[in-house]
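1. Dropping the sequence and predicted coords here.
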Amino acid sequence: MQIMIVDDNASMRKVLAALFASAGHEVVGVFGDGNGVEEHIRETKPEVVCLDYHLPGRDGLTILRAIQATAPTVDVVFMTASSDAAVEPVLPALSASLLARKRSSRNCGPSSKPARLPGRRRSMSSVAAQFRKRVAGKPGAARR
């Protein structure tokens, strides 16, 4: 599977890239902000984009809207440590495949099981399972 990672946290980008590569997936792009994401998606055609909510410049919801408009078949794993109640309800309408909640900077590891969002392919369940299994045992790995 070809995967792109968009997260402002360098440690998270490194952990996710290593996780996916070790599981036999190809990481086709790693971004610390949203600049150039849509163009890179058009060029590389990833199957999955791991997208953080809080990014410098544009937020993840804005980028998710752009991905949905330009590449609606791409599965998006939306990652956030935000407690903003307005985020989760809009994700299915924007074609996010999975919501992965990260813990705040005082905690480490994923805070809960990723939430499967309706209407997306089953391939995301294997990505989520691998993410939970690998990150859960690494202190500080999911820190923002």
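-> Cool, got the structure.
2. shouldn't Gly57 be in contact with Phe31?
-> No. With contacts counted by CB atoms under 8 Å, Gly57 stays clear of Phe31, the gap being 10.8 Å. Yep, even glycine has a C-beta here, placed from its N, CA and C like the rest.
3. Of those two, give the one with the bigger neighbour count.
-> For Gly57 and Phe31, the more surrounded residue by other CB atoms under 10 Å is Phe31, and the numbers stand at 20 against 10.
4. Relative to Gly24, how far out is the more buried one?
-> 22 Å (CB to CB, to the nearest Å).
5. Then Leu51?
-> Per CB to CB, Leu51 is found 22 Å from Gly24.
6. Likewise for Met4?
-> Met4 is 16 Å from Gly24, where distance means CB to CB.
7. before we move on, what about Ala18?
-> 12 Å.
8. more neighbours, the two?
-> Between Ala18 and Gly24, counted using other CB under 10 Å, Ala18 has the larger neighbour count: 14 against 8.
9. Just want the phi and psi numbers for the more buried one.
-> Phi and psi for Ala18, reported as degrees, to the nearest 10, are phi -70, psi -40.
10. got it, and Met79?
-> Torsion angles, degrees, to the nearest 10, at Met79: phi -110, psi 140.
11. And the helices in the chain?
-> Taking DSSP state H to define them, one finds helices in the chain at 10-22, 37-44, 60-70, 87-90, 123-136.
12. where are the low-confidence patches of the protein?
-> 82-144 (pLDDT under 70).
13. Go again with 50.
-> 104-124, 134-135, 138-144 (pLDDT under 50).
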